[in-house]
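*Asks:* For reference, the sequence and a predicted model appear below.
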Amino acid sequence: MNLYWFIAKRYFTSPKTTHIINIISSITAVSFAIGTLALVIIISIFNGLESLIIKRFNSFDPDLKIIPVHSKIFVPDKQMLLTLNSIQEIDKYAFTLEDNVLVKYQDRYHPFTLKGVDLSYADMTGLDTMIVNGRFSLMYQNQPVAVIGMGVSAHLSVSLNFVAPLKIYAPNRIANAEFSPNNAFVTKSIYPVGIYSVDPEMDNYVITPINFAREIFKYKEEVSSLEIVLKDPSQSDKVEQILQNVLGNSFDVRNRFEQHQFIYQIMKTEKIVVFAILLFILLIASFNITASLTLLILEKKEDIQTLRSIGFSAKDIRKIFLYEGWLIALIGAILGIILGLIFCFLQHHFGIIPMEGSSPNAFIVDAYPVEVRLYDILLIFVTVIAIGYISSRFPVRFITQRYLPDKYNEL
C-alpha cells in the first residue's frame, strides 16, 4: 500500500485529541455523499424524462422531414420521386398537408392544425401506440375519419361515439370574400374515431386523410411536407446530406433533432443548470474539508516534525494531508454514487416517487422515469473528486508553510 495513503487513512480513522476534527471530517464526508447522491438522482431523472419525451416524439415524427423554404406548399415532381426511390436507406415516405383551421364541436370553437396524411401513414409511425381512446384509423366504411390529439379533445370535450362530427372551417383561397362573403370559408364535417397523446405541442392536431385536407384547403396535388422513414435511423445524417444536396436551397431537410431543436436545447440547458447548482452546493460543502485539514495540521505538528526527522520532505508531508482531504471526498463520492444507484433501481422498478397531479391521469407516466448513464456517473465521480482535490490543496499548501520553511518543495 502507498505509504502516503496509509498514513492519511490512519489520520482519518484514528481518534483525534480534539474530537471536533472527527466530527467535521464525518460531516464533510456525509455532505459529499448527499451532494453526490442528489447529482446521481437528479441527472438520472432528467435522462429519464429526456428519453421519455424523445420516445414519444419518435412516435409522431419521421426520421427525416422535407419542407419548402420559400412557401408553405409545393408540388412533388418526378425528379424528387426518382431521388427518393433511388436511395436504398429510405424505407417508406409519405406526403402530408397541414395548415391552421377553426374546429367546431357542438357549441365549442377552437383553432387547431389540420394535418392530412397518406393512408399509409399508420405504417410509418408509432402513433397507433399512443392512442388513449378509440383507435387509429383514417377511413371508416369508405368515409374519411379523423384522429385527434388530447389537446383537441380537452378543449372541445369531444366524444368518439359518433354523437356529432367535427366541423372544420378553413379560409377559401380561391374565393373573393369582398364580393362573396358567404364563400369566405370552406366547411367540411368529419367524425373523430381516436384520441392520441404525445406531448402538449403535438396534441393539437386533427389528422385526416390527405384528400380530405386538399378538399378543404382547395388544393389538388400540393403538399406541405414529405416525411421519410429510414431502414436504419442511424443513417439519418448521411441521407439528410444526400437529399439536401439534391434538392438544393429550395427545401430544408430536417432530422428528428432539428424538428424540435428548441425543446431539445431547453432540456439540455436545464440539465446543465441543475448540474451546476448542485456542484455549487458541493463546493460550499467542501469548505468543511478546509476546516478539517486546518485543524488536523495544527494538531499533528509534532507528527510533522517526527516525519521530518526520519527523512520525509516537505512535499511528502503535504502529500499526506492532501490525500487526507482527497480521502474524505472519495468516501463521500463512492457512498453517494452507491446510494444513488440503489435509489434509481428502486425508482425504476417500484416507482417510489410518483408523479403528482390534479387528476389520476394528469401525466403520461405514474412515477418519475430514471435512466442511469455510465458517462454521467463517471462525470459526477471525477467532478466530486476534483472538488475534493481543489479544496484540499490550498489549506495544505499555505498552512504547512508555517511548519515547513523549505518552500522550494511546495506542491
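*Replies:* Happy to help now that I have it. Residues are numbered from 1 along each chain as shown.
*Asks:* wait, is Phe212 part of a strand?
*Replies:* No - in this structure, Phe212 is helix, not part of a strand, as judged by DSSP: H, G, I helix; E, B strand; the rest coil.
*Asks:* element containing the spatially closest residue to it that is not a sequence neighbour?
*Replies:* Nearest residue to Phe212, sequence neighbours excluded (C-beta to C-beta, 6 or more residues apart in numbering): Pro144, at 4.4 Å. C-beta: built from backbone N, CA, C; applies to glycine. Assigned by DSSP states H and E, Pro144 falls within strand 143-149.
*Asks:* and that strand, what does it pack onto?
*Replies:* Judged by 3 or more C-beta pairs under 8 Å, 6 or more residues apart in numbering; DSSP states H and E, strand 143-149 is in contact with strand 185-196, strand 205-209.
*Asks:* Point out the most buried one among those.
*Replies:* When the helices and strands packed on strand 143-149 are scored by mean count of other C-beta atoms under 10 Å, the highest mean neighbour count falls to strand 205-209 (a mean of 24).
*Asks:* who's in contact with that one?
*Replies:* Outside strand 205-209, the residues that touch it by C-beta atoms under 8 Å, 6 or more residues apart in numbering are 98, 101, 103, 112-119, 121, 127, 138-139, 144-149, 152, 166, 168, 190, 192.
*Asks:* which of these are buried?
*Replies:* By neighbour count, with 16 or more other C-beta atoms under 10 Å, those hold 98, 101, 103, 112-118, 121, 127, 138, 144-149, 152, 166, 168, 190, 192 as buried.
*Asks:* wait, Leu330 sits on Ile387?
*Replies:* No - using C-beta atoms under 8 Å, Leu330 is not in contact with Ile387, being 11.4 Å away.
*Asks:* Comparing the two, which residue is more hemmed in?
*Replies:* The residue with more neighbours, out of Leu330 and Ile387, is Ile387; 21 against 18, by other C-beta atoms under 10 Å.
*Asks:* measure the nearest residue to that one once chain neighbours are set aside to Met139 for me?
*Replies:* Leaving aside its chain neighbours, Ile387 sits nearest to Ser286 (5.2 Å; criterion: C-beta to C-beta, 6+ apart). Noted for Ser286: a distance of 65 Å to Met139, by C-beta to C-beta, to the nearest Å.
*Asks:* Same question for Asn204.
*Replies:* Separation of Asn204 from Met139 (C-beta to C-beta): 23 Å.
*Asks:* how would you label the residue lying closest to Ser51 once chain neighbours are set aside: helix, strand or coil?
*Replies:* Counting by C-beta to C-beta, 6+ apart, Ser51 lies nearest to Glu371, which is 5.2 Å off, once chain neighbours are set aside. Under three-state DSSP, the three-state class of Glu371 is coil.
*Asks:* Low-confidence stretches in the stretch 101-250 of the chain?
*Replies:* The model of the stretch 101-250 of the chain has pLDDT under 70 over residues 175-182.
*Asks:* Now do the helices in it.
*Replies:* Applying DSSP state H, counting those that start in this stretch to the stretch 101-250 of the chain gives helices spanning 121-124, 150-156, 210-217, 236-247.
*Asks:* Which elements pack onto the first one?
*Replies:* Taking 3+ C-beta pairs under 8 Å, 6+ apart as the contact definition, the neighbouring helices and strands of helix 121-124 are strand 90-105.
*Asks:* and the strand it packs on, which strands flank it?
*Replies:* strand 108-117 (antiparallel), strand 166-171 (antiparallel), strand 225-230 (antiparallel) (DSSP bridges).
*Asks:* so the first one versus strand 143-149, what angle?
*Replies:* An angle of 110 degrees separates the directions of strand 108-117 and strand 143-149 when computed by axes from the mean of the first three to the mean of the last three C-alpha atoms, to 10 degrees.
*Asks:* Next, the angle strand 185-196 makes with strand 108-117.
*Replies:* 80 degrees.
*Asks:* So what touches strand 108-117?
*Replies:* 94-103, 138, 151-152, 155-157, 168, 170, 204-214, 216.
*Asks:* Please tell me how far it is from the chain's geometric centre.
*Replies:* Strand 108-117 has its C-alpha centroid displaced from the chain centroid by 28 Å (C-alpha atoms, centre = their mean, to the nearest Å).
*Asks:* One more: the second one?
*Replies:* Offset of strand 166-171 from its chain centre (C-alpha atoms, centre = their mean): 36 Å.
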